[in-house]
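>>> Pasting the sequence and the predicted coordinates here, then a few questions.
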Amino acid sequence: MKLSNFNFELPKELLAEYPSENRDEARLMVLHRKTGQIEHRLFKDVIDYFDDGDVFVLNNTKVFPARLHGNKEKTKAKIEVFLLRELSAEQRLWDVLVDPARKIRIGNKLYFGKDDSLVAEVIDNTTSRGRTLRFLYDGSYEEFRDKLTELGQTPLPKYISRAVEPEDEERYQTIYAKHEGAVAAPTAGLHFSKHLMKRLEIKGINFAEITLHVGLGTFSPVEVEDLSKHKMDSEEIIIPEDQAEIINKAKLGKNKVCAIGTTVMRAMESSVSSENTVNPFAGWTNKFIFPPYDFSVANAMITNFHTPKSTLLMMVSAFGGHDLVMRAYKEAVAEKYKFYSYGDAMLIL
């Protein structure tokens with residue numbers, strides 16, 4: 001498989017600027033792998049495809065307000081800092097992306113907040129846009145984190161051209177988010193409402209929660225035609241023992257195991273036993289899944305519609321079958337489905 005196998009025409013107006021009014025009323029395309037049938041439903045209809053004993057595997061990572069706006073010392077030039085990951089809590093060191101990066105050099109100080117209440121010093125260059133910052137803040141660690149939350153913005157994807165609005169703080173977060181650490185939402189999970197979760201529970205569907213802290217690497221463009229040469233950034237995953245047991249019980253009982261999103265699929269496939277069950281795990285994964293690939297755990301998947309040539313589309317194609325998925329995407333464009341983070345969903349069975 002080559003990069004060009006995953007290209008398609010995506011009209012700009014199909015990139016969703018806003019989520020659907022109600023979480024569970026986004027559109028849902030249902031893809032049947034065995035027959036090639038494609039159905040058009042609403043997301044809340046997902047309940048019709050699952051039974052007692054099936055399990056939905058959720059990613060309970062929580063998005064933190066990772067985008068900071070500040071200015072450079074002396075010149076007062078405006079600067080945007082995107083927090084990627086904390087390197088040292090004690091020293092307040094962070095891996096970040098800066099924009100514009102050209103004039104941000106080691107030794108520069110950056111100021112944030114109307115009263116410059118937070119200062120950071122650039123101590124290393126990591127990539128063309130990447131820097132390591134040391135934050136200079138007098139208060140306790142808890143006060144420092146509170147200050148980051150106060151000054152930070154919800155990190156909506158760059159394709160959303162509008163300004164961040166108050167509603168985004170809630171809507172760009174799953175209702176079951178628990179463990180802070182993601183710089184992007186696990187977007188397939190955004191469609192679950194409390195009401196839908198309750199209905200699924202009443203029907204006997206179980207939930208297992210794992211954590212994959214989504215980094216920007218998931219969205220990094222693939223720049224090589226030969227996919228085997230693409231390297232994914234590492235992301236942290238945690239699969240607790242009791243949650244692995246819920247997944248494995250469903251699998252061994254011949255029930256459906258449905259991965260809610262590419263992040264869940266990636267996490268489970270990163271910790272598979274020789275019996276094709278999930279092992280408990282805490283660590284990092286840089287697994288890159290593209291066709292052909294034999295999946296070990298999940299036999300169903302819910303995902304959003306992804307952009308051309310993205311690693312996310314490649315994984316979905318590996319699971320759903322390349323030809324069927326590309327045909328479904330063509331139909332999604334014709335039917336004006338909404339794409340990407342705030343867009344509509346696809347269920348692959």
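Cool, the structure landed.

>>> helix, strand or coil for the residue of the chain positioned farthest from its centre?
Using C-alpha atoms, centre = their mean, the residue of the chain lying farthest from its centre is Lys74. It sits 37.1 Å away. Here Lys74 takes the coil state, with states given by DSSP: H, G, I helix; E, B strand; the rest coil.

>>> the strands in the stretch 51-200 of the chain, which residues?
Taking DSSP state E, counting those that start in this stretch as the criterion, the stretch 51-200 of the chain carries its strands at 55-59, 61-63, 67-72, 78-88, 93-99, 109-112, 118-125, 130-136, 179-182.

>>> ranking those strands by burial, who's on top?
Among the strands of the stretch 51-200 of the chain, ranked by average contacts under mean count of other C-beta atoms under 10 Å, first place goes to strand 55-59 (a mean of 27). (Glycine included, C-beta is placed from N, CA and C.)

>>> quick one on the thing from earlier: would you reformat the strands of the stretch 51-200 of the chain as TSV and include distance to Arg41?
As requested, these are exported to TSV (distance: least, C-beta to C-beta, whole Å):
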stretch	distance to Arg41
strand 55-59	17
strand 61-63	27
strand 67-72	35
strand 78-88	36
strand 93-99	38
strand 109-112	45
strand 118-125	47
strand 130-136	42
strand 179-182	28
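
>>> Turn these into a markdown table, including distance to Leu28 and mean pLDDT.
Listed next are the strands of the stretch 51-200 of the chain as a markdown table, based on distance: least, C-beta to C-beta, whole Å; pLDDT from 0 to 100:
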| stretch | distance to Leu28 | mean pLDDT |
| --- | --- | --- |
| strand 55-59 | 14 | 98 |
| strand 61-63 | 23 | 96 |
| strand 67-72 | 30 | 93 |
| strand 78-88 | 31 | 91 |
| strand 93-99 | 34 | 92 |
| strand 109-112 | 41 | 94 |
| strand 118-125 | 42 | 93 |
| strand 130-136 | 37 | 94 |
| strand 179-182 | 24 | 92 |
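
>>> between those, which one is nearest to Pro155?
strand 67-72 (4.8 Å; C-beta to C-beta).

>>> next one: phi and psi at Met265?
phi -60, psi -40 (degrees, to the nearest 10).

>>> how near is it to Thr285?
11 Å (C-beta to C-beta, to the nearest Å).

>>> again, but for Leu151
31 Å.

>>> do the same with Leu68
Taking C-beta to C-beta, one finds Leu68 at 27 Å from Thr285.

>>> ok, now which ones touch the residue nearest to Glu86 when sequence neighbours are not counted?
Distances taken as C-beta to C-beta, 6 or more residues apart in numbering place Trp94 nearest to Glu86, at 5.6 Å, with adjacent residues excluded. By C-beta atoms under 8 Å, 6 or more residues apart in numbering, the residues touching Trp94 are Leu83, Leu84, Arg85, Glu86, Leu87, Thr132, Leu133, Phe135.

>>> Could you rerun that using 7 Å?
Leu83, Glu86, Leu87, Leu133, Phe135 (C-beta atoms under 7 Å, 6 or more residues apart in numbering).

>>> quick one: which of the residues you listed is nearest Glu223?
So of those, ranked by how close each gets to Glu223 (C-beta to C-beta), first place is Leu83, at 24.3 Å.

>>> So the closest one is in contact with Ala66, correct?
Yes. Using C-beta atoms under 7 Å, Leu83 is in contact with Ala66, at 4.3 Å.

>>> so what sits against both of these two?
Common neighbours of Leu83 and Ala66 (C-beta under 7 Å, 6+ apart) are Val183.

>>> about what we covered before: is the residue nearest to Glu86 bridged to anything, and to what?
Glu86, Leu133 (DSSP bridges).

>>> quick revisit: how about the contacts of Trp94 in JSON lines, adding distance to Ala250?
Output for these, formatted as JSON lines (distance: C-beta to C-beta, whole Å):
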{"residue": "Leu83", "distance to Ala250": "36"}
{"residue": "Glu86", "distance to Ala250": "35"}
{"residue": "Leu87", "distance to Ala250": "38"}
{"residue": "Leu133", "distance to Ala250": "44"}
{"residue": "Phe135", "distance to Ala250": "44"}
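
>>> that older thread, what's the spacing between the residue farthest from the centre of the chain and Tyr111?
Taking C-beta to C-beta, one finds Lys74 at 10 Å from Tyr111.

>>> cool, Glu17 as well?
Applying C-beta to C-beta to Glu17 and Tyr111 gives a distance of 31 Å.

>>> Same question for Ile202.
53 Å.

>>> do the same with Met197
43 Å.

>>> Could you do Asp226 as well?
Distance from Asp226 to Tyr111, by C-beta to C-beta: 44 Å.

>>> do the same with Pro157
Taking C-beta to C-beta as the measure, Pro157 falls 26 Å from Tyr111.

>>> Same check on Asp51?
57 Å.

>>> does Ser296 count as helix, strand or coil?
With three-state DSSP as the criterion, Ser296 reads coil.

>>> What count of nearby residues applies to it?
Ser296 has 16 neighbours, counted by other C-beta atoms under 10 Å.

>>> same thing with the one 4 residues further on?
Other residues near Ala300 number 21, with proximity taken as other C-beta under 10 Å.
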